[in-house]
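Trainee: with the sequence up front, the predicted model follows.
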2 protein chains.
Amino acid sequence: MSGMSRRRITSKELAKLAGVSSATISRAFSPDSRIGSATRDRILAVAREHGYQPNAIARSLNNQRSRLVALVVNAIGNPCEAEEQQLLVHRLQARQLLPIILCCADHSDRLQLMRLASTYQVDHVVVFSDMVSMQDAVDIFHTTKPIIVSFEPLDNESVSSIRIDGAEAADEIIDKIVRDGKKRFAYLSGTNSSWIDKLRRKWFVDALAKRGLAFEAQAFGDYSYDSGFKEAVLLLHRDKVDAIICGNDVMAIGARDAARRVLGKNTPDDIAIVGQDGIAMAAWDCNDLTTLSLDHVAFIDAVVELIERHDAEIEGPHSITLTCTARWGSTA
Amino acid sequence: MSGMSRRRITSKELAKLAGVSSATISRAFSPDSRIGSATRDRILAVAREHGYQPNAIARSLNNQRSRLVALVVNAIGNPCEAEEQQLLVHRLQARQLLPIILCCADHSDRLQLMRLASTYQVDHVVVFSDMVSMQDAVDIFHTTKPIIVSFEPLDNESVSSIRIDGAEAADEIIDKIVRDGKKRFAYLSGTNSSWIDKLRRKWFVDALAKRGLAFEAQAFGDYSYDSGFKEAVLLLHRDKVDAIICGNDVMAIGARDAARRVLGKNTPDDIAIVGQDGIAMAAWDCNDLTTLSLDHVAFIDAVVELIERHDAEIEGPHSITLTCTARWGSTA
DNA sequence: ATGGTTTGTGTAATCGTGTGCACAATGTAT
DNA sequence: ATACATTGTGCACACGATTACACAAACCAT
């Protein structure tokens, strides 16, 4: 069609071609603005013919509204977050919002990365990563007053947060494991000092305390299969535990493999293993993991709900609480 | 620090504060431009104090250079691509380029999505997805003449592509399986009509043909564990095959589980199963998959190389070819 | 027929930066 | 001391859209 044209055509040029002013071009592309329907049709026809589309960068500058959303994530491949990411991106796209990915995993200077994104005047910020502090995010993005969604309930007017509660589900799971006769518990953390990790651990600490128990051992991995495998070997061999609560599902799978291959112990008879997240892979036949699961769809619904409130300029911070459930497999 | 200020400060305002013109502000932030070093230092100090950062949207409009990169992917969670995505995002961020994710998986109108992204004047486009035709991508993005990277070698001056060659590795794998005495082969496709799927299948078709063999059966999945599981049951039960070549690793894992659980057949003795991609999960102890693997780092190096050539405005399409290798596990 | 409302379009300012050009100030060579 | 190159800064315009305002034309009611 327009095949070879090198440069993108501009509003003013199209105006000349259609015999109108550039203001009228703009109106033709704004759904509800005073313009003759005949004129609009003619303009849209000429526009299609020449492949014209309004320049979103220029529009953003004028509008003070970029329709860009920054997604701060740990890593892209990480299955723990991937399902949520996928869902959210889909929902954003349906609302004509474009996600910019900020990947913290192996980026040396996360703050600089966030500052870079903030210069693009993103309308919203969603923080999935537990590697950035909310306070830093607020300091960097406060100027544009975007929504910032996170697990961490920071008391700040520009932060809306999603809180998750897994206390009850953790209690159910511990109950089952204790009734199965397990006695020595270990907790395998994802990251040492993250807010989400502390929260999750607390659910299980409380559930154990209620029965006069406590964790006999504590290990730190990095949410990866390999770290789950390696730490589990130590926990089982050195600390002689018979139940491992893992910070996420992937580490739990690693731990299960370690138990089976290195020590010849099987779940759930010799040892109990519990994951967290409820990723799809956990339910695969080869894994069949018992896990403290979060409803991903409900979670993303909540995020989108918060974003919509922010779009509607409903003032103040908002907060939504979600409840986790126990998903039973054959590992505990 | 600047704590409460609601609106982002502008270049002109900062100019007033520093007692210079806004042009000088701009120069203070451009590494090599004629400006007194004393003036620059003073401006940068005042800027930091007031939390000023140049507005990237305005700069992009002026520069005709957005530093945005569109990543067209099938899905985010999909492990097949996730590792590449992660690597690429990391490399882009190191070059101060921001990735915009376009997720095709469940988006009804992929073309409209790409058109939306194109209005943001992205500097480059990287197509990982096999769900969009390169011709469509070119039609939509040609105006900004970005680089378009893909497996599909389209003959177009604005497309640079990465070609992958797995013929030799496929030959090695088939050789091993045939020597193991397997006779009835099936191919389990990811998507019916994608370019990449046809390419991969051809490697194995040729390797079989060389030995006077051909696929006895052909099935179509959707790259997911579940589809691998389901289709494998049919292939094994109905078609009595004893070797399944899968379009990716995830389906191969599903197929392996199906063989074991539904039909009680084990790899590699009863049946051979081969994956493709070489994702990290394939090497996990519980999977230990034989797979036709692509070196992810080399692949992303090639993508970045092409992007750099495009940045340097080296004319014409470029092409880089990568060779796959066989990675041996216990499934074939 | 006249005053008032509605409709459609153009003019011009605006969004926040980058940069060519002009010009003053300073430095350098004869 | 004069001519010339260099450095530092401001002015003004461009980038490509949106939109308040003005105004002409058309329509309507009395």
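Mentor: Yes, it's here. Residues are numbered from 1 along each chain as shown, chains lettered A, B, ... in the order given.
Trainee: going forward, measure contacts between C-alpha atoms and count neighbours the same way
Mentor: Will do.
Trainee: quick check: closest non-adjacent residue to the one residue sitting closest to the centre of chain A.
Mentor: Taking C-alpha atoms, centre = their mean as the criterion, A:Phe128 is the residue nearest the geometric centre of chain A, at 3.9 Å. Distances taken as C-alpha to C-alpha, 6 or more residues apart in numbering or on different chains place A:Val73 nearest to A:Phe128, at 5.0 Å, with adjacent residues excluded.
Trainee: thought that neighbour was touching A:Ile100?
Mentor: No - taking contacts as C-alpha atoms under 8 Å, A:Val73 lies outside contact range of A:Ile100: 10.5 Å.
Trainee: report the contact partners of A:Ile76.
Mentor: A:Ile76 makes contact with A:Ala82, A:Cys103, B:Ile76, B:Gly77, B:Ala82, B:Glu83, B:Gln85, B:Gln86 under the criterion C-alpha atoms under 8 Å, 6 or more residues apart in numbering or on different chains.
Trainee: how much space is there between the last one and B:Thr290?
Mentor: Going from B:Gln86 to B:Thr290 by C-alpha to C-alpha, to the nearest Å gives 23 Å.
Trainee: repeat that for the fourth one.
Mentor: As defined by C-alpha to C-alpha, B:Gly77 lies at a distance of 22 Å from B:Thr290.
Trainee: surely A:Met281 forms part of a helix?
Mentor: Yes - A:Met281 forms part of a helix when assessed by DSSP: H, G, I helix; E, B strand; the rest coil.
Trainee: where exactly do the helices run in chain A?
Mentor: Taking DSSP state H, the helices of chain A run over residues A:11-18, A:22-29, A:37-50, A:56-63, A:79-94, A:110-118, A:134-141, A:167-179, A:195-209, A:225-237, A:249-262, A:296-311.
Trainee: okay, those helices, which one's buried deepest?
Mentor: Highest mean neighbour count of the helices of chain A: helix A:249-262, a mean of 25 (counted as mean count of other C-alpha atoms under 10 Å in any protein chain shown).
Trainee: what's next to it, contact-wise?
Mentor: Where contact means C-alpha under 8 Å, 6+ apart, the residues beyond helix A:249-262 that reach it are A:79-80, A:221, A:223-233, A:236, A:245-246, A:265-267, A:273-279, A:282, A:287, A:289, A:291, A:331, B:285-286.
Trainee: and the direction of it versus that of helix A:225-237, what angle?
Mentor: In terms of direction (axes from the mean of the first three to the mean of the last three C-alpha atoms, to 10 degrees), helix A:249-262 departs from helix A:225-237 by 50 degrees.
Trainee: so which residues make contact with stretch A:53-73?
Mentor: Contact with stretch A:53-73 is made by A:10-11, A:26, A:29, A:47, A:81, A:96-105, A:117, A:120-129, B:57-58, B:60-61, B:119-121, as judged by C-alpha under 8 Å, 6+ apart.
Trainee: which of B:Gly77 and B:Thr290 has more neighbours?
Mentor: Of the pair B:Gly77 and B:Thr290, B:Thr290 is the one with more neighbours under other C-alpha atoms under 10 Å in any protein chain shown, namely 25 against 21.
Trainee: pull the contacting residues for that one.
Mentor: Applying C-alpha under 8 Å, 6+ apart, we find B:Thr290 in contact with B:Ile273, B:Val274, B:Gly275, B:Ala282, B:Ala326, B:Arg327, B:Trp328, B:Gly329, B:Ser330, B:Thr331, B:Ala332.
Trainee: separation between it and B:Trp284?
Mentor: Taking C-alpha to C-alpha as the measure, B:Thr290 falls 11 Å from B:Trp284.
Trainee: equivalent analysis for A:Ser22, please.
Mentor: Distance of A:Ser22 to B:Trp284, computed by C-alpha to C-alpha: 60 Å.
Trainee: surely A:Ser194 touches A:Phe128?
Mentor: No - assessed by C-alpha under 8 Å, A:Ser194 is found out of contact with A:Phe128, at 12.0 Å.
Trainee: pLDDT weak spots in chain A?
Mentor: Where chain A drops to pLDDT under 70, the residues are A:1-6, A:79-80, A:107, A:143-148.
Trainee: what does it put close to DNA strand D?
Mentor: Chain A comes close to DNA strand D at residues A:9-12, A:22-27, A:29-30, A:53-56, A:58-59, A:61-63, as judged by C-alpha under 7 Å from any atom of the strand.
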